[in-house]
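# Structure, please.
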Amino acid sequence: MAGIKPSRRAALGLGGAALVGAAAVGLMAKRKGEVQATGPYRRIATEEAFATPALMAESKRILEAGGVEPGFAKMGKFVFGNGVAQRFLHGRLLDLGDKRIAQMDADGVDLAVISITSPGVQVFEASRAVGIAAEANDILSAAVRARPTRFAGLAAVAPQAPDLAAKELERAKGLGLKGFLINSHTFSEYLDMAKFAPILEAAEALDMPLYLHPREPGGNSVTPYLDYGLYFATWGFAAETALHAMRLIMSGTFDRYPKLRVALGHMGEGLPFWLERIDNRYQRQALGGANAWLKRLPSDYFRDNFVITTSGMTDDASLRLAIDVLGIDKVQFSGDYPYEDVHVGVQRMMTAKITEAERRAIFDTNATTFWNLPPAVKAP
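Sure, this is the predicted structure:
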């Protein structure tokens, strides 16, 4: 990370991507006032994480007990461990009050769409997962009610219990939450499987968009990722989440649920770059009788049913490709707090080689429309 020498990182114990992000947050806190959050439109950040004390406690308990998925065993110590940097990160994740607002002001973010940190409740036993998700939704919705012009929220659900997850999604909509987030696989199972149909049915019926968020690959598939830190955000997160999105597309999920809407972070987890190749191979496979059951090309579903956010991706080339491939209305800004340097993300978007109309769409109008956010409050 710029500004932190390797020796300094080691001294701080910042061995993982999440903890490097936490250190960045500490540096950002000194920048208050550098970026003004006022302007002709809002700057909305759409993948901003939080945690609850119960989530933290249960994550630590199962990690200490052992026997967890090998990817989570490695990732968990970086997010839920007891080191100095982890404790700093915990303070950021647990806060839904004045300190978070102050950091948003320093970073230049007007409204944060907040959701549960990865892997959420998806590594817990079902009954514990259901209860912790419901409590998280109560806590988040209360924070939104307290600061409705600064916070919006996405619900947590426990896919381990699909029928109860569908009911919780309905309850969460009543609480004012604007969608829901699932951290990719749940014990190596994916949402295209028939058992998860109640969740997708409820999401479509309630018009609650899904944020499909990364986590480390599951089961034995994580093994080649465990070396060199590849299981984490460097590569494994994107590979895992792109796979999940492709399973939804290629399984015909969007033929069954044509109004289901999905957001993918990190500039679409690489999929916008691959769409032409995916269509080409799909058509050739279809000629041979393989997976020829889709009503449309894979890219059609991606363009119609998905949006992407910029979380952690700040280069102009990726942004330009996403706009050119998907259209400007499909791209939203995300800071990825507290895991990324949100200040840098805002600054890079402000200086990106795009038009002011495109900048406004990415920062404000696209997210407002997709998540059905309340309009900005006009200054007196």
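# okay, and for this protein, where does confidence drop off?
1-38, 287-292, 378-380 (pLDDT under 70).
# By residue count, which helix of it is the longest?
If you go by DSSP state H, the chain has its longest helix at helix 126-146.
# could you dump that helix to CSV, C-alpha only?
Provided in CSV are the C-alpha atoms of helix 126-146 (Å, rounded to 0.1, in the frame of the first residue of the first chain):
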residue,chain,number,x,y,z
ALA,A,126,-28.8,-23.0,10.7
SER,A,127,-30.6,-22.0,13.8
ARG,A,128,-27.8,-19.7,15.0
ALA,A,129,-27.6,-18.2,11.5
VAL,A,130,-31.3,-17.4,11.4
GLY,A,131,-31.3,-15.7,14.8
ILE,A,132,-28.1,-13.7,14.1
ALA,A,133,-29.3,-12.5,10.7
ALA,A,134,-32.6,-11.4,12.2
GLU,A,135,-30.9,-9.4,14.9
ALA,A,136,-28.5,-7.9,12.4
ASN,A,137,-31.5,-6.7,10.4
ASP,A,138,-33.0,-5.1,13.5
ILE,A,139,-29.8,-3.3,14.3
LEU,A,140,-29.2,-2.1,10.8
SER,A,141,-32.8,-0.9,10.2
ALA,A,142,-32.7,1.0,13.5
ALA,A,143,-29.5,2.7,12.3
VAL,A,144,-31.1,3.6,9.1
ARG,A,145,-34.1,5.1,10.8
ALA,A,146,-31.8,7.2,13.0
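# how close does the nearest residue to Asp110 once chain neighbours are set aside get to Ala143?
In this structure, Asp110 finds its nearest non-sequential neighbour in Arg42, 4.2 Å apart by CB to CB, 6 or more residues apart in numbering. For glycine as for every other residue, the C-beta is placed from the backbone atoms N, C-alpha and C. To Ala143, Arg42 is 18 Å away according to CB to CB, to the nearest Å.
# which residues touch the residue nearest to Asp110?
110-111, 363-364, 368, 376 (CB atoms under 8 Å, 6 or more residues apart in numbering).
# could you dump those to TSV with secondary structure and neighbour count?
Formatted as TSV, those follow (DSSP: H, G, I helix; E, B strand; the rest coil; neighbours: other CB atoms under 10 Å):
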residue	secondary structure	neighbour count
Asp110	coil	19
Leu111	strand	26
Phe363	helix	26
Asp364	helix	22
Thr368	helix	20
Ala376	coil	14
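# Among the residues you listed, find me the one that's closest to Tyr339.
Among the contacts of Arg42, Leu111 lies closest to Tyr339 (CB to CB), at 18.7 Å.
# Helix or strand: which one has the closest residue in space to Gly66 that isn't next to it in sequence?
Sequence neighbours aside, Ala73 is the residue nearest to Gly66 in space, at 7.9 Å (criterion: CB to CB, 6+ apart). Assigned by DSSP states H and E, Ala73 belongs to helix 70-80.
# Sweet, I'm off.
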